[in-house]
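Predicted structure and sequence below. I'll ask about it afterward.
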Amino acid sequence: MRRRISIGIISVVTLGLVLGGIYMLSAEQLKKENIYPQLELFSGALSIIHNGYVEDVTTHDLIYGALKGMLTSLDPHSQFLDPDEFKELKVETEGQFGGLGIEITIKDNLLTIITPIEDTPAWKAGIMAGDRIVKIEGELTRNITLSEAVKKLRGKPGTEVALTILRESESRILEIKIVRDIIKIKDIKKAVILEDGIGYIRLIEFRENSAKEFKAALKRLQDEGMQALILDVRFNPGGLLNVAIDITSSFLPNDTLVVSTQGRNPASRFEFKSRVKDPLLDIPMVVLINEGSASGSEILAGALQDYNRALILGTKSFGKGSVQTVLPMNDGSALRLTTSKYFTPSERSIHNVGIEPDIEVKAQFISEAAAEEDTEDVFKKLENEKKKPEKDSKEENINKDDDFYLRDSQLLRALDLLKAIKVYNKVQKIG
């Protein structure tokens, strides 16, 4: 079971997707499903609690609590957003905000880091994908909800938050303090020619201006003589669906299926096709993915893999392939409701499965995930564990200087692969 929300960025590919509005139950459906007695049950319970609970509680709070429970009971990604939470969700798409710069999920009932965002406080503090947050400000996160975690982790820029991290891959407990900051996302982290005409673009996220910046970077590399491309979406948690489609379209023939959504309601079933008139179809490509690649990154990798347009290299992606539609309510609150799931062009489901690379290469700076433990065992270990000396296990910043790629095993493998393809194509022409 996984619950996921953005701390610092929005990674669900939903706000770029409209799925038909709020679905109303007809009188016929109400009668058929025998809902009226259930509504009477709810009304009766509401009245008893309102009048008999030991402390005074408002009807408003009871209704909001019921809605939160109702959405949570559906699946890990559906959520009731009160007006303040809905405002925060909308702010997250504007490109900068206060926070730590991490993506979190509830995985195996533990608060888990999906990925830190590069050059954010969390990244600089040494947070790694797969880390478990077992304490926030000294309080255990046992049974914490995502909304509660968000409120504890967010705060005024410049203030500090103390985290206790369980790094299962190293069997270590880490005490890490992070200073909150305004998170500014630079969508294109790096766009350079590496060697032998092989271009490299590192795409951090799919935001509002990402497609425009990506195409500009692609054009610049073409002007510099690019003959092959490595597209790096490692630790890219996703973003807006329409942007993911635009960028994927850069490498597929026009009017080609990129991704489809399928759900119970016919209004949630869509096909999204490429829409670029002059796509780049004639150069070899490698796409780098890892366990921090999610949602929009998986849509891109899955489509290019299905059409044999690019080789996918790295480790299996996260597997976030469900669509959450945000439906505003009349009091300023909103429902974040799972309405469908993503499927690649060949009808492969992404959700809870992920994208398997064509060539698996484990990064030297990412430890293999250890076997997952029972939730209670994790907290028992925390309570009994004696602190061990800390060491700096943060991966090398692969964008530090011009020879950054020489310290990145996955990127080096992709580079060698494209060099081999280049030599093979040359030999074929001669033959």
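Received the coordinates, thanks. Numbering: from 1, shown residues only.

tell me, which strand in this protein spans the most residues?
When the chain is parsed with DSSP state E, its longest strand is strand 334-343.

Identify all contacting residues around it.
With Cβ atoms under 8 Å, 6 or more residues apart in numbering as the test, strand 334-343 has contacts from 12, 14, 19, 22, 67, 71, 74-75, 77-81, 86, 89, 259-263, 265, 268-270, 298-299, 321-329, 349-351. For every residue, glycine as well, the C-beta is placed using N, CA and C.

same thing but 6 Å
Residues from elsewhere that reach strand 334-343 (Cβ atoms under 6 Å, 6 or more residues apart in numbering): 19, 75, 77-79, 81, 86, 259-263, 268, 321-328, 349-351.

same question, stretch 181-197
Outside stretch 181-197, the residues within contact range by Cβ under 6 Å, 6+ apart are 8, 96-99, 101, 120-121, 157, 199-202, 204-205, 207, 210, 213, 217, 224-227, 399, 405, 419.

Then stretch 345-356?
Here stretch 345-356 makes contact (Cβ under 6 Å, 6+ apart) with 257, 298, 301-303, 306, 316-319, 321-322, 341-343.

Out of these, flag the one nearest to residue 125.
Residue 125 has its nearest neighbour among these in residue 318, at 21.5 Å by Cβ to Cβ.

Before we move on, what's the pLDDT of the closest residue to the closest one other than its chain neighbours?
Nearest residue to residue 318, sequence neighbours excluded (Cβ to Cβ, 6 or more residues apart in numbering): residue 294, at 3.8 Å. For residue 294, the pLDDT comes out at 89.

repeat for residue 280
The confidence metric pLDDT takes the value 95 at residue 280.

Identify the residues contacting it.
Residues near residue 280 by Cβ under 6 Å, 6+ apart: 250, 251.

7 Å - rerun?
Residues near residue 280 by Cβ atoms under 7 Å, 6 or more residues apart in numbering: 218, 250, 251.

if we can go back for a sec, would you list the buried entries among the contacts of strand 334-343?
Buried subset of these (neighbour count, 16 or more other Cβ atoms under 10 Å): 19, 77-79, 81, 86, 259-261, 263, 268, 321-327, 349-351.

Mind exporting the C-alpha coordinates of stretch 356-366 to PDB?
The C-alpha coordinates for stretch 356-366 follow below in PDB (Å, rounded to 0.1, in the frame of the first residue of the first chain):
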ATOM      1  CA  GLU A 356      11.300  -2.400 -16.000                       C
ATOM      2  CA  PRO A 357      14.500  -1.100 -17.800                       C
ATOM      3  CA  ASP A 358      15.700  -2.900 -20.900                       C
ATOM      4  CA  ILE A 359      19.200  -2.900 -19.300                       C
ATOM      5  CA  GLU A 360      19.400  -3.000 -15.600                       C
ATOM      6  CA  VAL A 361      22.300  -1.100 -14.100                       C
ATOM      7  CA  LYS A 362      22.400  -0.300 -10.400                       C
ATOM      8  CA  ALA A 363      24.000   3.000  -9.500                       C
ATOM      9  CA  GLN A 364      27.100   2.900  -7.300                       C
ATOM     10  CA  PHE A 365      25.800   5.800  -5.200                       C
ATOM     11  CA  ILE A 366      22.400   4.100  -4.500                       C
END
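
could you give the mean pLDDT of that stretch?
Mean predicted lDDT for stretch 356-366 stands at 82.

low-scoring stretches of this protein, by residue?
The model of the chain has pLDDT under 70 over residues 1-32, 91-98, 364-403, 429-431.

rerun that using 50 as the cut-off
The model of the chain has pLDDT under 50 over residues 1-23, 95, 365-373, 386-400.

Let me see the ranges of the helices in it.
27-32, 35-52, 59-72, 83-91, 121-125, 146-153, 210-223, 241-249, 296-306, 375-384, 409-430 (DSSP state H).

Quick check: buried residues in the longest one?
Along helix 409-430, the positions that meet the burial threshold by neighbour count (16+ other Cβ under 10 Å) are 410, 411, 413, 414, 415, 417, 418, 419, 421, 422.

And for the third one?
Of the residues in helix 59-72, 62, 67, 68, 71, 72 count as buried by neighbour count, 16+ other Cβ under 10 Å.
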